[in-house]
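Participant: My questions are about this predicted structure, shown below with the sequence.
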Amino acid sequence: MKIAFTWDYEMFFGHKSGSVNRCMIEPTNRLLEISKRYNSKFTFFVDTGMLVRGGEIEAFSSDLRILREQLKGWDNDGHETGLHIHPHWEDAKWNDGWKFDLSRYKLSDFNSAGVSLIFDEYYKVLQSYVNQEIISYRAGGWCIQPFKDIQESMKRNALNIESSVFPGGKNTNRPYYYDFTKVPNKDHWRFSDNVCVENDQGVFTQFPISSQVYHPLFFWRLFVLGRLKPSKHKPIGNGFPAKGGGSKKDFLLKKNLLCVSADGYFVTQIEKAINKAVKRGDKNLVVIGHPKACTPFSLNYLDKLLNKVSKKHEIVCLKDLEK
């Protein structure tokens, strides 16, 4: 089986964005070291609004320089760069750090002309950072619906791989909106104007992020470990997430269907997802992660996990799943 570890390369969007070094540079360097040990390749979905708006702020120029160096480094080493759009960067303000207004968090909060302008500019800027051709896209916050306006922008910029869907996922709490409760029961499918509807003649390929159900006991364990051993389980990123992703009460009291993730303690559930995918006969598996959410524990666990699974499976870029 081919496994794609995909990383959303971004800052936090809550009341504190965190620093570029802690949220991206430091944890990503660790990830790249791990990948090199096992001859594995990763895909990094770069939150390009940060690069676009950062280019307008003189105080952000040094951060922009080290970001460019890291992107070029992984590009030269054969890792994949994908386009990741959080359009609320259009409303971001700089005041000794980034301040975010999430009232326009997703592309569907903009009109058709606005979507086209944002998409084209962000794609052009990100492509200028790397040599490999960018062909993959992931929507910020999984908010890929409705797909109509994004469809034309992806066609225009020759992006034919999409990976925002995680089967069964649904969140209609602002600022989010996505509903993946009805998708094909496949590890990938072609589609045209609706990411959830298979169309063999479609020009796009959906490689969904694997999903699974997490029991409340998992979250009790996670929260207890975070308090007993904070040095191991505290994220390296030093910001705060945006609200709307689910309440602590919900996680502790009922089962939740979420992405298969390499973030923090979630990394311990990846091997179970791999085994289930093998039993189903799947040929592909997509895992999501965020450098900002990596912990000392998760990085050490990932190192051991790749040492094990890379002997049986291929760890490849998202674009190589189709080959």
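Facilitator: Nice, I can see it. Residues are numbered from 1 along each chain as shown.
Participant: Residue 78 and residue 41 touch, don't they?
Facilitator: Yes: counting by C-beta atoms under 8 Å, residue 78 touches residue 41, with 5.7 Å between them. Where C-beta positions appear, they are placed from N, C-alpha and C, glycine not excepted.
Participant: got any residues that touch both of those two?
Facilitator: Jointly contacting residue 78 and residue 41 under the rule C-beta atoms under 8 Å, 6 or more residues apart in numbering are residue 317.
Participant: Looking at these two now, which is surrounded by more residues?
Facilitator: For residue 78 and residue 41, the more surrounded residue by other C-beta atoms under 10 Å is residue 41, and the numbers stand at 21 against 12.
Participant: In three-state terms, label that one for me.
Facilitator: With DSSP: H, G, I helix; E, B strand; the rest coil as the basis, the three-state label of residue 41 is coil.
Participant: which strand is the longest one in this structure?
Facilitator: The strand that spans the most residues within the chain, counting by DSSP state E, is strand 2-9.
Participant: Only the buried residues of the helix or strand in which residue 27 is found, if you could.
Facilitator: For residue 27, the host element (DSSP states H and E) is helix 26-37. Going by neighbour count (16 or more other C-beta atoms under 10 Å), the buried part of helix 26-37 is 26-28, 30-32, 34-35.
Participant: Residue 103 contacts residue 109, correct?
Facilitator: Yes: judged on C-beta under 8 Å, residue 103 makes contact with residue 109 at a distance of 7.3 Å.
Participant: More neighbours: these two, which one.
Facilitator: Neighbours were counted for residue 103 and for residue 109 using other C-beta under 10 Å; residue 109 has more, 19 against 10.
Participant: which residues touch that one?
Facilitator: 87, 103 are the contacts of residue 109 under C-beta under 8 Å, 6+ apart.
Participant: The same query, at a cut-off of 10 Å, please.
Facilitator: Applying C-beta atoms under 10 Å, 6 or more residues apart in numbering, one finds that residue 109 lies in contact with 87-88, 90-91, 102-103, 115, 143, 174-175, 177.
Participant: Now a PyMOL select for only the buried ones of those residues.
Facilitator: In PyMOL, a selection of the buried entries from the contacts of residue 109 looks like this (16+ other C-beta under 10 Å):
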select buried, resi 87+88+90+91+102+115+143+175+177
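Participant: which residue of the chain sits farthest from its center?
Facilitator: Here the chain reaches farthest from its C-alpha mean at residue 228, the gap being 28.4 Å by C-alpha atoms, centre = their mean.
Participant: ok so, going back, immediately after the helix holding residue 27, which helix or strand?
Facilitator: strand 43-47.
Participant: same question for the longest strand of the chain, mean pLDDT?
Facilitator: Averaged across strand 2-9, pLDDT comes to 98.
Participant: what do you get for stretch 26-37?
Facilitator: Across stretch 26-37, pLDDT averages out at 98.
Participant: Could you find the closest non-adjacent residue to residue 14?
Facilitator: residue 240 (3.4 Å; C-beta to C-beta, 6 or more residues apart in numbering).
Participant: that older thread, now find how far off-centre the helix or strand just after the longest strand of the chain is within its chain.
Facilitator: Per DSSP H and E, the first helix or strand lying C-terminal to strand 2-9 is helix 20. Using C-alpha atoms, centre = their mean, to the nearest Å, the distance from the centre of helix 20 to the centre of the chain it belongs to is 17 Å.
Participant: which other helices and strands contact helix 20?
Facilitator: Counting contacts by 3 or more C-beta pairs under 10 Å, 6 or more residues apart in numbering; DSSP states H and E, helix 20 is packed against helix 61-76.
Participant: starting at the chain centroid, how far to the helix it packs on?
Facilitator: Between the centre of helix 61-76 and the centre of its host chain there is 18 Å, according to C-alpha atoms, centre = their mean.
Participant: Same check on stretch 219-232?
Facilitator: Chain-centre distance of stretch 219-232: 24 Å, with C-alpha atoms, centre = their mean.
Participant: hmm, who's touching that stretch?
Facilitator: If you take C-beta under 10 Å, 6+ apart as the criterion, stretch 219-232 is touched by 214-215, 233-235, 248, 250-254, 256, 264-266, 268, 295-298, 300.
Participant: Only the buried members of those: can you turn that into a ChimeraX selection?
Facilitator: Remark: buried members of those, expressed as a ChimeraX selection using 16+ other C-beta under 10 Å:
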select :214,233,235,251,264,265,266,295,296,297,298
